[in-house]
Structures are given as structure tokens and as C-alpha cells.
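> Next input, structure requested:
(2 chains)
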Amino acid sequence: EAQVTQNPRYLITVTGKKLTVTCSQNMNHEYMSWYRQDPGLGLRQIYYSMNVEVTDKGDVPEGYKVSRKEKRNFPLILESPSPNQTSLYFCATAGRVNTEAFFGQGTRLTVV
Amino acid sequence: GQQLNQSPQSMFIQEGEDVSMNCTSSSIFNTWLWYKQDPGEGPVLLIALYKAGELTSNGRLTAQFGITRKDSFLNISASIPSDVGIYFCAGPGKADSWGKLQFGAGTQVVVTP
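Prediction:
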């Protein structure tokens, strides 16, 4: 079964404590991306990756890092989380042929 | 960023009614995608459109790729309570690259019995 798996689903953390949200896909997709979703602001792209070792900034990259060492994984790293990074985060993937993006189930992050 | 104009923002309808929403872009798109999102869950792909004028159905859902390639429409016929959710249009950005997928702001659909 085609899957995009994010972990954890829910996370409450304190300001400044480094955290990583993982994303894994089993569809051999080249493209992977991270979005955050906030009320009234819709889905905003944080970072994306066109392939292994190829990443680029999206619209709201400040305060985030990513890496793409393997095709299937695309972790999102918050080195020093702040309360304004409290949000619902989604990982998405797509193959090279069709631009049909598939989303993970989401990670709800709260930074206190 | 979000450069797709999606309307309406929200719809309150009675069970059995039809629902229509649309999305417009200032630039030409080669692909239009329609998603549904349930509360707290990830968006789920409903329909993908690849050719201008294309009309595609998925059960009670029908979507069309506008002739001008700058718009798309989604219709839900005979709505039922489980149609409740937020519907998003999406498409590749100006560079026609999936890396810059753009989203509409969403249409919140509420279905009352």
C-alpha cells in the first residue's frame, strides 16, 4: 500500500529544544516537500526536495532545516523551536511523471 | 506561495444539494489537482486533471480543467454528511515544477441533514 508516514502525530515541546519530525514514503517518489498549515493562512511550503541531496527553500523556510540523504526519507528539523512554529505540519511526495502529490497524516506541533 | 484564488470560502448546504466551487490562477497551469481534507488529517487527492477541457469524475465528484488553462471547477452532486471538510485546488507554479506546488485557500463545506 502506497504510504507517506509522518512521526510523531502529536508533539508538545518547549522553546529551544531541538526536535525532528520524520517523513518516509514507500512509493520511490523523487519529490518530497514539507508544509505548515495555520488557520486563515492555508498550506505554506517550508522546504522541498527534487531528489536525493537536492533541497530548496519554499515560502517559509526560516527556523527549519531539512536533509535528503535517502530517497525515501525527508526529515524536518527545528534546531531551536519557538512558539510561532506551533502548527500542523504535512509532508508530501510526488513522482516525476505525474505531479499528483500525496500527503502524510500530519504532525500537530505545540511549542510552549 | 498561495497564488490560486479559490471560491467560495465556505458553503453551508443541505443534504442532497449539489456543491460547486472553482479555482483561478493568474498563470497557465498544465495540471490541476483537487484535494479534500478532514479535520486534523492530511489532504487526500480526489481528482487530477492534465488536459485543457478535460472533465473527470470520481463517484459523485466531477472536476473540469478550464479551456483557458487558468481555472478549474469541482462539483459534488447529491451531497451527503461525509462530504463535510475542506476542499483545496492545487497546481504546479509558474515554472511548472512540482517543487512549487500552489494551493488555493480552501472551500469549507458544511452539510446539514
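> Surely residue A:87 touches residue A:34?
No. Assessed by Cβ atoms under 8 Å, residue A:87 is found out of contact with residue A:34, at 10.9 Å. The C-beta positions use only the backbone N, C-alpha and C, and glycine is treated the same way.
> So which of the two has more stuff around it?
In terms of neighbours (other Cβ atoms under 10 Å in any protein chain shown), residue A:34 is the more surrounded of residue A:87 and residue A:34; the figures are 27 against 20.
> pLDDT below threshold where in chain B?
For chain B, the stretches flagged by pLDDT under 70 are B:1-3, B:93-99.
> So which bits of chain B are right by chain A?
B:1-2, B:31, B:33, B:35, B:40-45, B:48, B:50, B:88, B:90, B:92, B:98-101, B:103-106 (Cβ under 8 Å from any Cβ of the partner chain).
> is the residue most central in space within chain A in a bridge, and if so with what?
The centroid of chain A falls nearest to residue A:34 when counting by Cα atoms, centre = their mean (3.1 Å). Assessed by DSSP bridges, residue A:34 has beta-bridge partners residue A:47, residue A:91.
> Can you name the residues that contact the residue nearest to residue B:62 when sequence neighbours are not counted?
Counting by Cβ to Cβ, 6 or more residues apart in numbering or on different chains, the nearest residue to residue B:62 once its immediate chain neighbours are dropped is residue B:75, at 4.7 Å. The neighbours of residue B:75, taking Cβ atoms under 8 Å, 6 or more residues apart in numbering or on different chains as the test, are B:18-20, B:61-63.
> For the residues you listed, which single residue is the most surrounded?
Ranked by neighbour count under the definition other Cβ under 10 Å, those are headed by residue B:63 with 24 neighbours.
> So it: helix, strand or coil?
Remark: residue B:63 carries the secondary structure label strand [criterion: DSSP: H, G, I helix; E, B strand; the rest coil].
> burial count for residue 112?
Chain wasn't specified; assuming chain A. Other residues within reach of residue A:112 by the criterion other Cβ under 10 Å amount to 9.
> Correction: the question concerned chain B.
Residue B:112 has 11 neighbours, counted by other Cβ under 10 Å.
> Give me the nearest residue to it, chain neighbours excluded.
Skipping the residues right next to it in sequence, residue B:112 comes nearest to residue B:14 by Cβ to Cβ, 6+ apart, at 5.6 Å.
> I figured that neighbour hits residue B:111, correct?
Yes. When contacts are counted by Cβ under 8 Å, residue B:14 is listed as touching residue B:111 (7.4 Å).
> Which one's more surrounded, those two?
Remark: of residue B:14 and residue B:111, residue B:111 carries more neighbours, 20 against 9, as counted by other Cβ under 10 Å.
> what's the more buried one in contact with, if anything?
So residue B:111 contacts B:13-15, B:79-81, B:83-84 (Cβ under 8 Å, 6+ apart).
> Excluding sequence neighbours, find me the nearest residue to the residue of chain B found nearest chain A.
Going by Cβ to the nearest Cβ, chain A is nearest to residue B:42 of chain B, at 3.7 Å. Of all residues not flanking residue B:42 in the chain, residue A:103 sits nearest, at 3.7 Å (Cβ to Cβ, 6+ apart).
> swap in residue A:9?
With Cβ to Cβ, 6+ apart, the residue lying closest to residue A:9 is residue A:107, at 6.1 Å.
> can you map out the strands along chain B?
Along chain B, the stretches classed as strands by DSSP state E are B:4-7, B:10-14, B:19-25, B:32-37, B:44-49, B:55-58, B:61-65, B:71-76, B:85-91, B:102-103, B:107-112.
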